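Participant: based on what follows, work out the 3D shape:
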Amino acid sequence: MPEAPNAVRELASDPTSRKKFLRQAGGTGVAVSLAAFIAACGGDDSSSSKDSTAKSTPAPSASGTEQFGKGDLGIANYALTLEYLEAQFYSDAAASGMLKGKILELAKSFGANEQEHVDALVAMVKKAGGKPAPKPKAKFPLESEKAILELAATVENLGANAYLGQAGNIQDKEILAAALSIHSVEARHAAVLNLATKAPVSSGAFAKPATADEVLKSVKPFLVT
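Facilitator: Numbering: from 1, shown residues only. Below is the predicted model of the structure:
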């Protein structure tokens, strides 16, 4: 197993960071997930490292997000771009007239979560000294409730896998904590939507990470150029 990235080791060894992360992500279940992630990366609570910053520390290898910026800032802006699309999708779906009752309320609730992710990532990029990625223009097929729910499930599963795909590339512990926290929410959204669409709730014991290339190829059909 490769040695855990600096940010992972710091989250494991820094009680303050762990508490902050758990508050963001929502409890002990996430603590188990974080411990499993650290173990899988070869982390050790006794390991220590110097603080890194999103502005100055590049990702250890090509993350596929370089078009959005260097290192952690590129990854954060890549995530921001995806969150822009998710927030717009739910906003458009709620305004489409195709959703009613509990399904409409669900779309509004999930959309509010995605907008909070947008706001948090914009603030994080600015704090790190970077410029937030511009909001892309997009158009989604919203011709029926069934189509909207199926696309929502696809989008949320893709989002969860996208965050998982970048976790090992992130060096800054605050950005890693935010990414894992958002990943947890995306995965819960995906589980609800999988049930609603009668899709498998889980494809196995371990989630499959998605590369940036895979994710960007999947969202390209919705982008308006």
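Participant: mind checking how far residue 87 is from residue 135?
Facilitator: 9 Å (Cβ to Cβ, to the nearest Å). Every C-beta, even on glycine, is put in place using the N, C-alpha and C of the backbone.
Participant: check residue 142 too.
Facilitator: Taken as Cβ to Cβ, the span from residue 142 to residue 135 is 19 Å.
Participant: those two: which is more packed in?
Facilitator: Neighbours per residue, other Cβ atoms under 10 Å: of residue 142 and residue 135, the larger number sits with residue 142, 18 against 15.
Participant: for the residue lying closest to the more buried one once chain neighbours are set aside, what are phi and psi?
Facilitator: Of all residues not flanking residue 142 in the chain, residue 96 sits nearest, at 4.3 Å (Cβ to Cβ, 6 or more residues apart in numbering). Main-chain torsions, residue 96, degrees, to the nearest 10: phi -70, psi -20.
Participant: now do residue 138
Facilitator: Per degrees, to the nearest 10, the backbone of residue 138 is at phi -140, psi 160.
Participant: skipping its backbone neighbours, what lies nearest it in space?
Facilitator: Among residues not flanking residue 138 along the chain, residue 222 sits closest, at 4.8 Å (Cβ to Cβ, 6+ apart).
Participant: shouldn't the one you found be in contact with residue 142?
Facilitator: No - applying Cβ atoms under 8 Å as the test, residue 222 and residue 142 come out as separate, 11.1 Å apart.
Participant: what segments of this protein are helices?
Facilitator: Taking DSSP state H as the criterion, the chain contains helices spanning 6-13, 15-25, 28-40, 71-95, 101-127, 145-166, 173-196, 212-219.
Participant: quick one: mean pLDDT over the third one.
Facilitator: Across helix 28-40, pLDDT averages out at 44.
Participant: buried ones in stretch 163-173?
Facilitator: By 16 or more other Cβ atoms under 10 Å, the buried positions in stretch 163-173 come out as 163, 164, 165, 166, 167, 168, 169, 170, 171, 172, 173.
Participant: quick one: end-to-end distance for it.
Facilitator: Chord length of stretch 163-173, first to last residue, is 14 Å (Cα to Cα, to the nearest Å).
Participant: check stretch 165-176 too.
Facilitator: Per Cα to Cα, stretch 165-176 runs 12 Å from first to last residue.
Participant: circling back: how far away is the residue nearest to residue 142 from residue 90?
Facilitator: Residue 96 is 10 Å from residue 90, by Cβ to Cβ.
Participant: neighbour count for those two, which is higher?
Facilitator: Shown here are residue 96 and residue 90; by other Cβ under 10 Å, residue 90 has more neighbours (26 against 17).
Participant: so what's the closest residue to residue 182 other than its chain neighbours scoring on pLDDT?
Facilitator: Excluding the flanking residues, the one nearest residue 182 by Cβ to Cβ, 6+ apart is residue 117, at 5.3 Å. Residue 117 carries a pLDDT value of 97.
Participant: distance between stretch 186-204 and the chain's centre?
Facilitator: 16 Å (Cα atoms, centre = their mean, to the nearest Å).
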